[in-house]
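> Need coordinates for the below:
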Amino acid sequence: MSCDMGLYGLAVMGQNFALNIASNGFSVCVGNRSPAKVELTVNRAKAEGDLPITGSDSVEDFVSKIQKPRRVIILVQAGKPVDATIAALSEFMEEGDVIIDGGNEWYVNTLRRGTELSEKGIMFIGMGISGGEEGARNGPSLMLGGPKEAYDLMDPIVTKCAAQVEGQPCSGYLGPLGAGNYVKMVHNGIEYGDMQLIGEVYDVLKHVCKMTNPDMAALFEKWNTTELDSYLIEITAKILAKEDDVTGEGYVVDYVLDKTGMKGTGRWVVQEAAERNTAAPTMAAALDARYISGRKDERVEASKLLMGPTEAIAVDPEQVVEDLKAAMYASKICSYAQGMGIIRNMSNDYDWNVDLSKCASVWRGGCIIRAGLLGKIQKAYESNAELPNLLVDPTFAAELNERQAAWRRIVTLCVASGIGCPSLSGSLQYYDSYRRERLPANLVQAQRDFFGGHTYQRTDREGIFHTAWTDAHKDIGDIAGRTAGEL
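Numbering: from 1, shown residues only. Got it, this is the predicted structure:
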């Protein structure tokens, strides 16, 4: 009997996703380079309800057990392992079959692979999966991009296996090949920003408000019932409350080395923001914070030489807590605004026609950045698909205006206390720059014209202009040609 689909790559994510698919009524053939992983997955399927999962002992055997047109999800390490797996599978697959890469892959690689497979008549989908191991088993967020014909073959499966919020699946077709990976990449950038914002708030609570771990845990648990409701706030409360089971003293979080790792998707999204001429200071600051955290030995030595404020700031802890709540919410809005801006600009550049309300909908459940805030973001883009920036949606504009004074107090407090708050302050600077009708960019452009003859536009008349700023400046000739190459 042929299986409904196949899943190749059986690390924990692959195992859990195969079990998820089987739990939703689809028969799955599983394959892996290591036979032991195949056996383990089949045994798990039996133990978890005699789920319809069939093992295979070779790539050829794996492909032969899947009904046509074949649908095969691969979950292997990004990069060369994906290329090797696709090469092995495509040797036995046929025209009309579909390969779905569910890894965290750079969208450029997805475009290349899709082109290569199309020459064999095999369709290719890049599918971003968010939710970690738990989400893979119980319902992740699934972001798919590829040929619509291929997506239609996968739709019955992904809509059942994805997380469900208010009766709607957190999955969907986001556009042509590359779009799914791109949206997942931006999701990860927003995730970086959210985590850094929470870390900065934790820093103030701990070192300015002098709160204990249990008190902070209770506060984050309370915040999770407010507009800050989110998965990351939820797990922060649990992390802070976890007592250390190694020493039997204190809390685990205080024993964790302050050195944050990363897999590279945060770097990708900041690079992409630059490519799309899109400001993303919240995410960029979060990435920079990880770089600095990695210089642990240097920081230890620097702490012996470099000074911060010597006097403690007198504060009202209750007021600081309220201000932190407002500042974090306002900053989160800015982070999502930046992420949506990157997706919009990429979509416009590549004619992907990505629906931003769909992105928000897909992120509402199952994924790491799931939050109550996303329901409002979805409504904002449903109301106005051409919204230039989330900040100017009437609902969000009102919320930002209401919180901006508290936001400023927190950034000021951090500066006065010598506490770094790169993402909180980066978000505020994004807000302040975007809301101003006139910026000091006029002086910067004048400087460019002074030293490079780059020309400028005027506020009082149309056209391109150049000024001979001193007697040493010469005629630059054809002014129109001076703007060639401008981004």
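> burial of Cys50, as a residue count?
For residue 50 the amino acid is Asp, not Cys. 9 (other Cβ atoms under 10 Å). Glycine gets a C-beta too; all of them are placed from N, C-alpha and C.
> meant to ask about Phe451
Neighbour number of Phe451 under other Cβ under 10 Å is 9.
> got it, and Ile476?
15.
> where does the closest residue to it other than its chain neighbours sit relative to Ala472, distance-wise?
Using Cβ to Cβ, 6 or more residues apart in numbering and skipping residues adjacent in sequence, the residue nearest Ile476 is Gly453, 4.2 Å away. Note on Gly453: its distance to Ala472, by Cβ to Cβ, to the nearest Å, is 12 Å.
> who has more neighbours, the two?
A side-by-side neighbour count of Gly453 and Ala472, using other Cβ under 10 Å, places Gly453 first with 18 against 6.
> where does the more buried one land on pLDDT?
On the pLDDT scale, Gly453 is placed at 89.
> Would you check how far apart it and Pro169 are?
56 Å.
> which parts of stretch 415-424 are buried?
Buried residues in stretch 415-424, counted by 16 or more other Cβ atoms under 10 Å: Ser417, Ile419, Gly420, Cys421, Pro422, Ser423, Leu424.
> ok so, going back, list phi and psi for the residue nearest to Ile476.
phi 60, psi 40 (degrees, to the nearest 10).
> looking at it, it is touching Asp478, isn't it?
No - using Cβ atoms under 8 Å as the test, Gly453 is too far from Asp478 to be in contact (10.8 Å).
> Which strands and helices lie in contact with the longest helix along the chain?
Ranked by residue count, the top helix of the chain under DSSP state H comes out as helix 317-350. Under the contact criterion of 3 or more Cβ pairs under 8 Å, 6 or more residues apart in numbering; DSSP states H and E, helix 317-350 touches helix 179-207, helix 265-275, helix 281-293, helix 356-362, helix 373-383, helix 394-417, helix 422-435.
> can you map out the helices along the stretch 51-200 of the chain?
Using DSSP state H, counting those that start in this stretch, the helices of the stretch 51-200 of the chain run over 59-64, 80-90, 107-118, 132-138, 148-161, 179-207.
> If I average pLDDT within each of those, which one is lowest?
helix 132-138 has the lowest average pLDDT among the helices of the stretch 51-200 of the chain, namely a mean of 92.
> what about that helix, distance to the chain center?
Distance of helix 132-138 from the chain centroid (Cα atoms, centre = their mean, to the nearest Å) equals 17 Å.
> hang on, the earlier thing: what separation is there between the residue nearest to Ile476 and Pro440?
In terms of Cβ to Cβ, Gly453 sits 21 Å off from Pro440.
> before we move on, back to that, nearest to Glu221, of the helices of the stretch 51-200 of the chain?
Closest approach to Glu221 among those (Cβ to Cβ): helix 179-207, 13.4 Å.
> Relative to Glu39, which of the buried residues of stretch 415-424 is nearest.
So of the buried residues of stretch 415-424, ranked by how close each gets to Glu39 (Cβ to Cβ), first place is Ser423, at 45.3 Å.
> if I pick that closest one, what's in contact with it?
Neighbouring residues of Ser423 by Cβ atoms under 8 Å, 6 or more residues apart in numbering: Gly193, Gln196, Leu197, Glu200, Thr282, Ala285, Ala286, Ala289, Ser331, Ser335.
> repeat that with 10 Å
Contact analysis of Ser423 by Cβ atoms under 10 Å, 6 or more residues apart in numbering lists 192-201, 281-289, 328, 331-332, 334-335.
> max-length strand in the chain?
strand 123-130 (DSSP state E).
> looking at the helices and strands packed on helix 317-350, which one has the lowest mean pLDDT?
Among the helices and strands packed on helix 317-350, helix 265-275 carries the lowest mean pLDDT (a mean of 92).
> how much does it deviate in direction from helix 179-207?
Put simply, helix 265-275 runs at 110 degrees to helix 179-207, going by axes from the mean of the first three to the mean of the last three Cα atoms, to 10 degrees.
> Which positions in helix 265-275 come out as buried?
Thr265, Gly266, Trp268, Val269, Val270, Glu272, Ala273.
> again with stretch 163-177
For stretch 163-177, burial by neighbour count (16+ other Cβ under 10 Å) applies to Ala163, Val165, Gln168, Pro169, Cys170, Ser171, Gly172, Tyr173, Leu174, Gly175, Pro176, Leu177.
> Look up how far Gly189 lies from the closest residue to Asn188 other than its chain neighbours.
Distances taken as Cβ to Cβ, 6+ apart place Thr265 nearest to Asn188, at 3.9 Å, with adjacent residues excluded. Counting by Cβ to Cβ, the gap from Thr265 to Gly189 is 7 Å.
> chain center to stretch 184-198: distance?
Worked out by Cα atoms, centre = their mean, stretch 184-198 lies 5 Å from the chain centre.
> Next, the buried residues of it.
Within stretch 184-198, the residues scored as buried using 16+ other Cβ under 10 Å are 184-198.
> Check the gap between the residue nearest to Ile476 and Thr54 for me.
To Thr54, Gly453 is 70 Å away according to Cβ to Cβ.
> residues making contact with the helix or strand that contains Glu39?
Take DSSP states H and E as the rule and Glu39 turns out to sit in helix 35-47. For helix 35-47, contacts defined as Cβ under 10 Å, 6+ apart pick out 7, 9-12, 14-16, 18-19, 22-23, 28-32, 34, 51-58, 62.
> make it 8 Å
10-11, 14-15, 18-19, 22, 30-32, 51-57.
> Only the buried subset of those residues, as a PyMOL command please.
The PyMOL selection below is limited to those of the contacts of helix 35-47 classed as buried (16+ other Cβ under 10 Å):
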select buried, resi 10+14+15+18+19+22+30+31+32+51+52+53+54+55+56
